[in-house]
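**Q** okay, structure incoming, though there's no sequence with it:
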């Protein structure tokens, strides 16, 4: 195998964050609060920044970045936009945490029961991975590019 330098690599991200009440510091499901879906995200700039709901979390995407500085700048921009423009006016704040527990009554919508945007497959067997639900009140998030 030859060692070749890969050029013109771009990196993007679509992290999820939980939202919390500023008054009580308790998690709140985003279901129906922000809008947007994987197929129809809500654009917040013409450059490719967008918002959507993913299960009980707010998710955002950034445009493809050429440098690490550009990546951090885009992540920071959208996180600040979400907190300052979308959530603080309604008494909420986004938290970059890996998981949180919700109350039973907060998880009764169909959206709160949908896990993942597509099937996940076992790399060795090719079988579909079953979604484990040991605790039905626990929700977890992917954290690429999302640091507290």
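**A** Nice, thanks for sending it over. Every value quoted in this text rests on a predicted model; they were computed, and no experiment measured them. Numbering: from 1, shown residues only.
**Q** state the distance from the nearest residue to residue 21 once chain neighbours are set aside to residue 101.
**A** Ranked by Cβ to Cβ, 6 or more residues apart in numbering and with sequence neighbours excluded, the top spatial neighbour of residue 21 is residue 28, at 5.6 Å. Quick note: C-beta positions are derived from backbone N, CA and C, even for glycine. To residue 101, residue 28 is 12 Å away according to Cβ to Cβ, to the nearest Å.
**Q** the two: which has the busier surroundings?
**A** residue 28 (19 against 11; other Cβ atoms under 10 Å).
**Q** bridged to the more buried one, which residues?
**A** Beta bridges link residue 28 to residue 19, judged by DSSP bridges.
**Q** from memory it sits against residue 93, does it?
**A** No: taking contacts as Cβ atoms under 8 Å, residue 28 lies outside contact range of residue 93: 9.9 Å.
**Q** who touches both of these two?
**A** Residues within reach of residue 28 and of residue 93 at once, by Cβ atoms under 8 Å, 6 or more residues apart in numbering, are 19, 20.
**Q** in this protein, which spans are helices?
**A** 68-81, 110-113 (DSSP state H).
**Q** quick one, strands of the protein?
**A** 16-21, 27-28, 42-43, 50-54, 57-61, 92-95, 99-101, 138-140 (DSSP state E).
**Q** now, of these, which is deepest in the fold?
**A** strand 57-61 (a mean of 24; mean count of other Cβ atoms under 10 Å).
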